[in-house]
Each structure stands twice: as C-alpha cells, then as structure tokens.
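Engineer: Structural data only, the sequence is not supplied:
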C-alpha cells in the first residue's frame with residue numbers, strides 16, 4: 001500500500017499564497033466569497049473572537065480579487081470551491097490591505113504618529129505593488145514621505161487610481177485593535193484616550209471619512225474585520241452604511257472549524273486520532289454565532305496549536321493543551337470587572353453556567369465597562385457563546401473547557417483578594433487531590449478547602465454562599481491540580497452531577513474518578529442534615545446508573561453537606 005504524502009499543518013501561517021504553493025493543508029472557506037460578492041451592500045463588516053482565522057480569510061480574499069494574480073488563478077484556486085465556481089469579480093481589483101494591529105497606545109502622541117505612519121506605509125507599499133499599472137507612482141511616494149501626509153495620503157491614492165480606470169478593494173484587518181489595547185488600560189485612561197482619538201483629534205474618524213469619499217470614485221468594495229463592535233458607531237459616522245454580517249446565519253461557519261473540517265485536517269496532515277488523547281469537543285469546540293446555526297465551531301487556532309504539539313511529538317500534558325495565548329483574554333477579563341455589578345454578573349455566569357441576555361450590536365468605547373454592555377463584550381471576545389434562542393434574547397454559555405479555566409482562575413484570585421487571610425498551599429492541595437486519585441480518599445481535600453478557604457471567606461463572599469457558589473469554589477481549587485478534568489453539571493441519563501472528576505487523558509495511571517454531590521445548610525438548619533443526605537444519595541444513585549458510569553470499580557461517589565462556613569459532613 002502506498003504511503004500517503006501528508007501536507008504541512010498551517011499553524012501560525014495566515015498567508016493564503018504560501019499555504020497553497022508550499023504544500024500546506026487548507027480548510028476551504030472559499031464558498032463564502034461567492035456569498036459576500038452577492039450581498040447588495042459592497043461595504044461589509046464582520047467580527048469574530050481572536051484566533052478564529054480572520055487574517056487568513058482576508059489573505060484569501062486579497063488573492064482572489066487581486067488583478068495581479070489573474071494568471072495564477074488556477075494554481076491558487078483551481079481545486080477549491082471558488083475555483084470551480086468563479087464569480088464575475090474574480091481578479092477584478094487592485095487590493096489594499098490595512099492592518100491596524102501593533103499601534104503605539106502608550107500615549108496619544110505616539111498613537112497619532114503610529115496610526116499616520118501605518119496609513120502612509122500601507123499606501124506606499126500599495127504603490128510599489130501596482131507600479132506597472134499606475135501613473136506617477138514615484139512622485140506620489142516621494143510626496144507622501146516628504147509631506148508626511150498621514151491619513152491624507154488616501155487622497156493621493158484616489159487621485160492616482162482614478163485615471164488608470166481601476167477599481168479598489170479595501171480590506172481592513174484589526175480595525176479595533178487599538179481599542180482593545182485600551183481595554184487593558186482600565187476604564188478611565190482608556191475612555192479618555194479613545195474620546196480624544198475620535199472627538200478631539202478625530203484622527204481615526206478622519207481616516208474613515210476620507211475613505212468614504214473614495215466610494216464615489218475608485219472604491220468598489222470594502223471588507224472590515226476585528227473582534228468587537230466598540231468602534232462601529234464611530235466608524236459608521238465617518239463611513240456611511242456598512243452592512244454588519246456578524247450574526248447572519250449563512251456566515252456562522254465562515255471562520256472557525258466545523259467537526260467535518262477538523263476531521264479532514266487531521267487526515268490531510270497525518271494527525272493520528274489515537275494520539276490526541278482528549279475530548280477535543282470539550283476543550284476547543286462550542287462556538288455558535290447565530291441561534292439557528294447548524295454546527296458549533298472550534299476555535300481554529302486552538303485546534304492548530306494542539307495538532308502542532310502532536311505532529312512535533314511533544315508530550316501533550318494538562319498544562320500545555322490550552323494555548324497560552326488565552327492569558328491575553330484573562331488580562332482583559334480582569335479589566336472588564338472593575339465595577340461591582342460586572343463582578344456579580346461574572347460570578348452569576350460561573351455559578352449558573354449560562355446567562356440570558358440580548359447581544360448589543362454596537363456600542364461606543366465609553367459604555368463598554370457598564371453592566372449593560374458587559375455581557376455582549378464577553379460574547380464578542382469569545383468568552384461566552386450562544387447556547388440557544390430564548391424568548392427574543394439569547395441564552396449564553398461558556399463555550400468550552402479551555403475558556404472555563406479562565407473563569408475559574410479569575411474566581412480563585414477574586415476570592416483570595418477579597419479574603420486576605422486566605423492562602424493556597426499548593427503542595428498540600430495537590431497532595432490532597434492526589435489522595436483522591438490514587439487512594440480513593442476525599443476527606444483530606446474537603447477538609448483542606450473547608451479550613452483554608454470556606455472558613456476564611458469575607459463577608460462579601462458569605463453573601464453569595466450557597467450550593468452553587470461552593471461548587472464553583474471547589475472546581476476552582478480542583479483546577480489547581482491537573483490530575484482531573486473537572487466538570488460541572490456533567491450530563492447523565494439520571495440528571496446532571498454537581499461535580500464529575502474525570503481522570504486527565506494524560507494520566508491514565510489515575511486509579512479513581514469521582515462524582516461529588518454538594519449540599520449546603522445554614523447553621524440554623526442543621527437539623528435537616530439527614531434529609532439533605534438522603535436527597536443527595538438518591539441523586540448519586542441515579543447518576544451512576546448512566547451507561548458511562550454504571551458498574552465501574554474505578555468510580556467513587558461522595559456527598560458533602562456544608563453547614564455554615566466552618567463545618568461539613570462527608571458521606572462516602
């Protein structure tokens with residue numbers, strides 16, 4: 001049998017041309033080019049969370065529409081959907097790509113200089129690329145450099161293109177990148193900076209206003225993308241009538257990977273399913289951007305990151321299967337919960353596993369820290385996703401285990417900060433969890449958390465103290481060890497467990513998995529202990545009849561009834 005020649009994994013490669021010419025696997029998203037071209041409005045806006053493949057898709061658009069690539073159309077697109085179904089506008093444009101990542105946001109002066117330079121350099125690069133199609137390019141480049149025209153360089157661009165009888169496709173990536181940097185500054189500094197950029201100096205608004213004038217002469221199409229709509233209202237005040245396609249059902253799968261695409265990628269690149277060693281749907285899947293969407297999606301970069309570990313024969317561990325890039329999201333999450341209302345909302349999300357809310361389609365930077373817009377921003381950042389349509393709103397949930405770890409880490413730090421006496425002895429905690437794993441002994445862990453966490457909770461935390469709050473604190477502590485995949489509300493045929501501890505796929509030597517049922521009684525209700533115990537044991541019996549749990553000698557169960565904050569009863 002002939003050996004299959006595998007393609008390279010395109011991890012970290014957003015360049016469509018190199019992927020198509022250097023034997024990389026490509027997940028074909030080109031059917032969406034046809035849909036976009038058929039939209040009535042030629043100025044389009046589309047956002048997705050970080051690491052969802054936006055830059056590669058823009059590179060695909062650029063290569064498809066670039067007039068310079070006409071002779072290579074068959075090589076680049078021949079076997080793809082759009083190659084077999086070309087549209088009337090293929091290779092019909094000169095294409096300019098603005099990327100507003102990496103701007104200097106340390107000061108307003110620095111931002112003004114870097115934004116202006118970015119615009120100038122992009123236009124200069126465009127002139128060099130299309131030098132043979134445009135008149136007076138050298139003189140225009142010199143004028144831009146000498147006069148330091150900044151956003152006014154756009155006017156030079158239009159003046160050069162118009163007599164050449166060419167049409168321009170404008171692609172803007174990371175349109176909101178600097179605004180997302182301002183999120184990390186905190187509310188006051190970020191708001192002031194942003195207000196000056198749009199209202200006082202008006203530099204960014206001027207850019208889009210000038211861009212808008214070009215639509216009457218040389219600009220035929222515009223495609224703008226980023227991760228949030230915090231600039232959309234300001235943008236549209238300068239750029240008339242942009243069609244926001246973010247929530248359109250037909251574009252639900254335009255970015256990210258479906259299960260079918262993940263399976264095909266594994267086949268093409270030689271990723272052995274037997275070596276993945278974990279439930280990828282649990283860790284990386286779950287995203288939905290329209291309540292009627294057919295398929296939930298994987299974060300594409302998370303998948304590529306994991307496959308890259310496997311193909312490089314690196315040992316996949318509980319520590320490295322979650323992309324370290326998520327730490328950036330954690331920093332933004334901390335900044336967003338600067339007011340008490342947002343903190344309460346976040347705790348509600350962690351406790352309930354979901355929250356009902358509308359998703360606000362656009363809002364200004366000035367409002368992004370308010371509770372009204374907080375949940376929407378969590379959605380746009382990929383920290384929440386649509387679970388289902390719910391009476392004209394959405395029920396939103398945490399998309400997967402990777403993102404859930406960010407919430408647990410935040411909660412753990414929040415509790416420690418609000419309760420100064422609380423400390424975490426990582427060594428003792430890990431030993432207690434290892435006792436659960438190898439000795440089937442849970443008392444040490446519960447006693448540790450009771451003495452070192454629950455009994456030291458602040459008055460603020462005590463106000464939240466109930467079964468669900470106890471449960472998520474236990475989950476946060478269990479997360480400190482990578483022995484288990486800790487799951488809340490694990491579904492069985494008998495209902496939903498409070499906590500299911502599944503052995504880490506990287507630690508098959510773990511002897512015991514656990515199902516824990518949590519109950520809470522106020523001190524004055526301690527007389528109801530027997531009733532709570534009976535109820536919990538009946539629930540556990542239903543759970544362990546599920547086909548995945550029944551008859552297993554490696555599965556242990558326990559009921560923990562917490563009484564007040566200083567006492568517990570354990571039944572194993």
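Structural biologist: All right, it came through fine. Everything numeric here is computed off the predicted structure, so don't read it as measured data.

Engineer: buried residues in the helix or strand hosting residue 562?
Structural biologist: Following DSSP states H and E, one finds residue 562 within strand 555-563. Buried residues in strand 555-563, counted by 16 or more other CB atoms under 10 Å: 555-563. Using the backbone N, CA and C atoms, a C-beta is placed for each residue, glycine as well.

Engineer: of all these, which two lie farthest apart?
Structural biologist: 555 and 563 (26.7 Å; CB to CB).

Engineer: moving C-terminal of the host helix or strand of residue 341, what's the next helix or strand?
Structural biologist: Residue 341 belongs to helix 340-352 when assigned by DSSP H and E. Per DSSP H and E, helix 340-352 leads on to strand 354-357 as the next helix or strand towards the C-terminus.

Engineer: May I see the buried residues of the next helix or strand after that next one?
Structural biologist: Downstream of strand 354-357, the next assigned helix or strand under DSSP H and E is helix 371-380. Across helix 371-380, burial judged by 16+ other CB under 10 Å covers 373-380.

Engineer: ok, now stretch 262-271?
Structural biologist: 262, 265-266, 268-271.

Engineer: Report the two of those residues separated the most.
Structural biologist: 262 and 270 (14.1 Å).

Engineer: The closest residue to residue 39 other than its chain neighbours: what's it in contact with?
Structural biologist: Nearest non-adjacent residue to residue 39, counting by CB to CB, 6 or more residues apart in numbering: residue 243, 6.5 Å away. Contacts for residue 243 (CB atoms under 8 Å, 6 or more residues apart in numbering) come out as 39-41, 43-45.

Engineer: Show me which of the residues you listed are buried.
Structural biologist: Taking 16+ other CB under 10 Å as the criterion, what is buried in the contacts of residue 243 is 43-45.

Engineer: of all these, which comes closest to residue 19?
Structural biologist: residue 44 (23.3 Å).

Engineer: Let me see the domain layout of the chain.
Structural biologist: 16-251, 259-311, 326-397, 420-571 (automatic domain parsing).

Engineer: Make CSV out of the ones you listed and add mean pLDDT and distance to residue 8.
Structural biologist: What follows is the domains of the chain, written out as CSV (pLDDT from 0 to 100; distance: least, CB to CB, whole Å):
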stretch, mean pLDDT, distance to residue 8
domain 16-251, 88, 5
domain 259-311, 91, 7
domain 326-397, 81, 25
domain 420-571, 86, 26
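
Engineer: can you redo those as a markdown table with distance to residue 4?
Structural biologist: Converted to a markdown table, the domains of the chain look like this (distance: least, CB to CB, whole Å):
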| stretch | distance to residue 4 |
| --- | --- |
| domain 16-251 | 12 |
| domain 259-311 | 7 |
| domain 326-397 | 33 |
| domain 420-571 | 26 |
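
Engineer: Hmm, residue 70 and residue 91 touching each other?
Structural biologist: Yes. At 3.8 Å, residue 91 counts as touching residue 70 under the criterion of CB atoms under 8 Å.

Engineer: Those two: who's more crowded?
Structural biologist: Taking other CB atoms under 10 Å, residue 91 and residue 70 do not tie; residue 91 has more neighbours (17 against 10).

Engineer: Quick one: name whatever helix or strand follows the longest helix anywhere in the chain.
Structural biologist: Looking across the chain with DSSP state H, the single longest helix is helix 108-129. Following helix 108-129 in sequence order, the next helix or strand is helix 137-147 (DSSP H and E).

Engineer: can you map out the strands along the stretch 101-250 of the chain?
Structural biologist: Taking DSSP state E, counting those that start in this stretch, the strands of the stretch 101-250 of the chain run over residues 168-173, 219-226, 243-244.

Engineer: could I get the ones you listed as JSON lines with distance to residue 204?
Structural biologist: Shown next, in JSON lines, are these (distance: least, CB to CB, whole Å):
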{"stretch": "strand 168-173", "distance to residue 204": "11"}
{"stretch": "strand 219-226", "distance to residue 204": "13"}
{"stretch": "strand 243-244", "distance to residue 204": "18"}
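
Engineer: For residue 300, which of these is the nearest?
Structural biologist: Per CB to CB, nearest to residue 300 of these: strand 219-226, 14.4 Å.

Engineer: still on that earlier bit, who are the packing partners of the helix holding residue 341?
Structural biologist: Applying 3 or more CB pairs under 8 Å, 6 or more residues apart in numbering; DSSP states H and E, one finds that helix 340-352 contacts strand 354-357, helix 371-380, helix 401-418, helix 467-478.

Engineer: Tabulate these (JSON lines), appending distance to residue 393.
Structural biologist: As requested, these are arranged in JSON lines below (distance: least, CB to CB, whole Å):
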{"stretch": "strand 354-357", "distance to residue 393": "6"}
{"stretch": "helix 371-380", "distance to residue 393": "10"}
{"stretch": "helix 401-418", "distance to residue 393": "21"}
{"stretch": "helix 467-478", "distance to residue 393": "22"}
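
Engineer: Of the ones you listed, which is nearest residue 253?
Structural biologist: When these are compared (using CB to CB), the closest one is helix 371-380, at 17.4 Å.

Engineer: ok now do residue 494, which residues does it touch?
Structural biologist: 539, 541-546.

Engineer: Which residues does the strand holding residue 562 contact?
Structural biologist: 440, 442, 446, 450, 454, 470, 512-523, 526, 529, 532-533, 536-537, 540, 543-544, 549, 568-572.

Engineer: Neighbouring strands - and their directions - for it?
Structural biologist: strand 513-521 (parallel), strand 567-571 (antiparallel) (DSSP bridges).

Engineer: List the buried residues for the last one?
Structural biologist: Residues 568-569 are the ones in strand 567-571 that count as buried (16+ other CB under 10 Å).

Engineer: now the angle from it to helix 467-478?
Structural biologist: Counting by axes from the mean of the first three to the mean of the last three CA atoms, to 10 degrees, strand 567-571 lies at 80 degrees to helix 467-478.

Engineer: Nearest residue to residue 454 in space, ignoring adjacent ones along the chain?
Structural biologist: Closest to residue 454 by CB to CB, 6+ apart is residue 565, at 5.0 Å.

Engineer: and that neighbour, what does it touch?
Structural biologist: Shown in contact with residue 565 (CB under 8 Å, 6+ apart): 454-455, 457, 462, 465.

Engineer: export the strands paired with strand 555-563 to a markdown table and tack on distance to residue 311?
Structural biologist: Formatted as a markdown table, these follow (distance: least, CB to CB, whole Å):
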| stretch | distance to residue 311 |
| --- | --- |
| strand 513-521 | 30 |
| strand 567-571 | 45 |
